[in-house]
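[1] 3D model of this:
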Amino acid sequence: MIHGRYFFLVFVTLAVLHVGVAPAQAQFEGVIETENITTDEVGEKVYFVMTMWIKDSLLKIQSVYRGDNPSSTMIYRNDLGVIWMLNELAKSYFEIKQEGEPQNIPQPFPRDKTDQFKVTKTGKKKKILGYSCEQVILKRRGELTEIWGTKSLVQVSRSLAKTTGEESSTGSDDWNAELRKMNIFPLYASTSLDNVLVELQEVKKLDMRGLPMELFEIPQGYRKQKLDEMFDPENK
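    Numbers count the residues shown, from 1 in each chain. A predicted model of the protein is given here:
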């Protein structure tokens, strides 16, 4: 079973990539691929590759895991007001309605106002995938996040924000809120708790190109499931 922090990442679409942007930037269309590490409920490392296809207000996310964890695919269709979760083994899908204004997901353990991140721009710079990146360190009690990000890809952030409703949401109690203030798109992010790595995400591929609409459709032959069927382990 995957740790809840990962589900937050998927349902809000990689919180690691949701940062504020300048409205004048053009939208991104293309493919982003990341290599990721998260932790499960017993502290074991979980490795997966996440691929995102982005076109206008459409987004498809596929996560492929090492080991026994099943792969997952989600399609955001803002034009239709729905999110589709695909069950590729059963050739079926579950539909979530997008209703009303997007809401912030509450933190499971809210922090008080005195326990905020200390943000440090180290001045270090390097290139990742050909983009000039700067290092940002965010610290608070027991938690350290290292970011290497660029301001050259704010159009990617804008596209992601549009597809997932982040443009209308307010800040959250995580380091992404700090990045939004700086207009930084992270190409590398790692978080440690008490000096133990718990999350890592690194962009390995960023390909700006046109995408066909077929990518964002339910595959032919898939049947619609009810909620209780979607999470029934006996349903195959």
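[2] biggest strand in this protein, by residue count?
    Criterion DSSP state E: the longest strand present in the chain is strand 196-208.
[3] Quick check, S159 in contact with F28.
    Yes - counting by CB atoms under 8 Å, S159 does reach F28; the two are 4.1 Å apart. In short, each C-beta sits where N, CA and C put it, glycine included.
[4] Mutual contacts of those two, please.
    I54 (CB atoms under 8 Å, 6 or more residues apart in numbering).
[5] Look at those two and report which has more neighbours.
    Higher neighbour count among S159 and F28: S159, with 26 against 21, using other CB atoms under 10 Å.
[6] wait, is the more buried one part of a strand?
    No - counting by DSSP: H, G, I helix; E, B strand; the rest coil, S159 falls outside a strand, being helix.
[7] Which strand residues bridge the residue nearest to K125 when sequence neighbours are not counted?
    Distance criterion CB to CB, 6 or more residues apart in numbering; nearest residue to K125, sequence neighbours excluded, is E134 at 5.3 Å. Note on E134: beta-bridge partners by DSSP bridges are K125, G149.
[8] how close does E134 sit to K151?
    Distance from E134 to K151, counting by CB to CB, to the nearest Å: 8 Å.
[9] Give the residues shared as contacts by the two.
    With CB under 8 Å, 6+ apart as the test, E134 and K151 both reach I184.
[10] ok, M50 touching T38?
    No - the criterion here is CB under 8 Å, and M50 misses it with T38 at 10.5 Å.
[11] Give the ranges of residues in this protein that sit below the confidence cut-off.
    Filtered on pLDDT under 70, the chain yields the residue ranges 1-26, 99-115, 157-158, 161-177, 180, 227-236.
[12] hey, where'd the strands end up in this structure?
    Under DSSP E, the chain gives strands at 30-39, 45-55, 58-65, 72-77, 82-87, 92-97, 118-128, 131-140, 143-150, 185-193, 196-208, 223-224.
[13] Redo those as TSV? Include mean neighbour count.
    Shown next, in TSV, are the strands of the chain (neighbours: other CB atoms under 10 Å):
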stretch	mean neighbour count
strand 30-39	18
strand 45-55	19
strand 58-65	20
strand 72-77	20
strand 82-87	18
strand 92-97	16
strand 118-128	12
strand 131-140	17
strand 143-150	21
strand 185-193	21
strand 196-208	16
strand 223-224	11
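[14] beta partners for the closest residue to Y76 other than its chain neighbours?
    Distances taken as CB to CB, 6+ apart put L59 closest to Y76, at 4.0 Å, once the chain neighbours are dropped. Note on L59: beta-bridge partners I54, Y76, judged by DSSP bridges.
[15] With S192 as the reference, measure out to L59.
    Counting by CB to CB, the gap from L59 to S192 is 29 Å.
[16] Repeat that for W84.
    35 Å.
[17] what does L200 give?
    9 Å.
[18] now swap in L129 and tell me
    Taking CB to CB, one finds L129 at 24 Å from S192.
[19] Repeat that for I83.
    31 Å.
[20] Nearest spatial neighbour of L129, chain-adjacent residues omitted?
    With CB to CB, 6+ apart, the residue lying closest to L129 is L206, at 5.8 Å.
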